[in-house]
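Chemist: Need a 3D model of the following:
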Amino acid sequence: MAVKALACQLPCERNLPLSRISHADIAREAVENGIVASISGATVWRWLNADAIKPWQYRSWIFPRDPKFCEKASRILDLYQGIWDNKQLGPDDYVISADEKTSIQARNRHGRHLSPAPGQCQRIEFEYERAGAIAYMAAWDVHRAKVFGICTKSTGIESYRQLVDLVMQQEPYRSANRVFWIADNGSSHRGQTSVKRMSKWYPSAVQVHTPVHASWLNQIEIYFSIIQRKVLTPNNFSDLASVERRLLDFQVYYQQIARPFKWKFTKKDLREILDKIEETAFVQFAKAA
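Modeler: Now for the predicted structure:
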């Protein structure tokens, strides 16, 4: 039990100049602190493995710090279900998910790009020259599975305006009753100022923000993950014009097979996760106290 307790401490709590500790480090600490006379790293691993304790592993996470996290997230989850202010959306209401994918590089490879062959995967030259970077701004109609996008030199309010214009100046959005624009808190569309700016641009447009650090609630990120896998990896473009052409061509290609994403995460799921986080935080705070 003492060895497991040691393993559940952060290295800094024991004044160790380490970021992570291995089973060998734990064995050494156990001996130096008189917990045992001698012990092997393999024995430590076996003991820890019994309780699935792996202090040498870690994962990144962002703790929800927005005091209105649940409220803001719930509004978006409602929109995905076709609900706003506890009322069903009408036939002339639309939900758009938008964001930008920044700093897309053009990497001009020095060597040959070889196609797959029997027993041989695709091969791409490791070395490359940087040929610049562009931003890709895109909007996704959540319920109609329509995608819109532009490439710009940089992001910003004007670039975001171009994307909004691209969508709102064509039917059915031009004559829609309401068009909800879901976006994160990036500089191009941040805060209450952007809400007022959007309504000034188009009275029927409603800017809806995700909570801070909750881009995973924005469905456009799913499309960006598809872009990353199918278009930008491996990255082999001679110039920025080639990147832009590939991105915009993919839009046309993807539109032919696009279907609404099967979004299953609900407000109930959200509440359960937040309750679990609160419980975990309370337990850790109690231990620290």
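
Chemist: does Glu129 really touch His110, like I thought?
Modeler: Yes. Counting by CB atoms under 8 Å, Glu129 does reach His110; the two are 7.2 Å apart. (Glycine included, C-beta is placed from N, CA and C.)

Chemist: Need the contact partners of stretch 207-226.
Modeler: By CB atoms under 8 Å, 6 or more residues apart in numbering, the residues outside stretch 207-226 that reach it are 62, 64-66, 68-69, 72-73, 75-77, 79-80, 97-99, 101, 138-140, 142, 147, 180-185, 189-191, 194-195, 197-199, 254, 261, 263.

Chemist: Using PyMOL, define a selection of the buried residues within these.
Modeler: A single PyMOL command selects the buried members of the contacts of stretch 207-226 (16 or more other CB atoms under 10 Å):
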select buried, resi 64+66+69+72+73+75+76+77+79+80+97+98+99+101+138+139+140+142+147+180+181+182+183+184+185+189+194+195+197+198+254
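
Chemist: The contacts of stretch 207-226 in strands, which ones?
Modeler: Cross-referencing the contacts of stretch 207-226 against strands under DSSP state E gives 97-99, 101, 138-140, 147, 180-183.

Chemist: Any figure for the gap between Ile21 and Trp61?
Modeler: Separation of Ile21 from Trp61 (CB to CB, to the nearest Å): 20 Å.

Chemist: same question, Thr102
Modeler: Taken as CB to CB, the spacing of Thr102 relative to Trp61 amounts to 22 Å.

Chemist: Geometric centre of the protein: which residue is closest?
Modeler: Using CA atoms, centre = their mean, the residue of the chain that lies closest to the mean C-alpha position is Trp216, 4.6 Å off.

Chemist: List the residues that contact His113.
Modeler: Going by CB under 8 Å, 6+ apart, His113 touches 122-125, 236.

Chemist: So Gly191 sits against Asn185, correct?
Modeler: Yes. Between Gly191 and Asn185 a contact is recorded at 7.3 Å, counting by CB under 8 Å.

Chemist: So the residue lying farthest from the centre of the chain, which state does it fall into?
Modeler: Computed with CA atoms, centre = their mean, the maximum C-alpha offset from the centroid of the chain is found at Ala37, amounting to 47.8 Å. Secondary structure for Ala37, judged by DSSP: H, G, I helix; E, B strand; the rest coil, is coil.

Chemist: Look up the closest residue to it, ignoring the ones flanking it.
Modeler: Nearest residue to Ala37, sequence neighbours excluded (CB to CB, 6 or more residues apart in numbering): Val31, at 7.2 Å.

Chemist: State the distance from the one you found to Thr43.
Modeler: Note on Val31: its distance to Thr43, by CB to CB, is 12 Å.

Chemist: can you list residues touching both of these two?
Modeler: With contacts taken as CB under 8 Å, 6+ apart, Val31 and Thr43 have no neighbour in common.

Chemist: Shouldn't Ser103 be within a strand?
Modeler: Yes. Read with three-state DSSP, Ser103 is one of the residues of a strand.

Chemist: Please work out how many residues are found near it.
Modeler: Neighbourhood size, Ser103 [other CB atoms under 10 Å]: 11.
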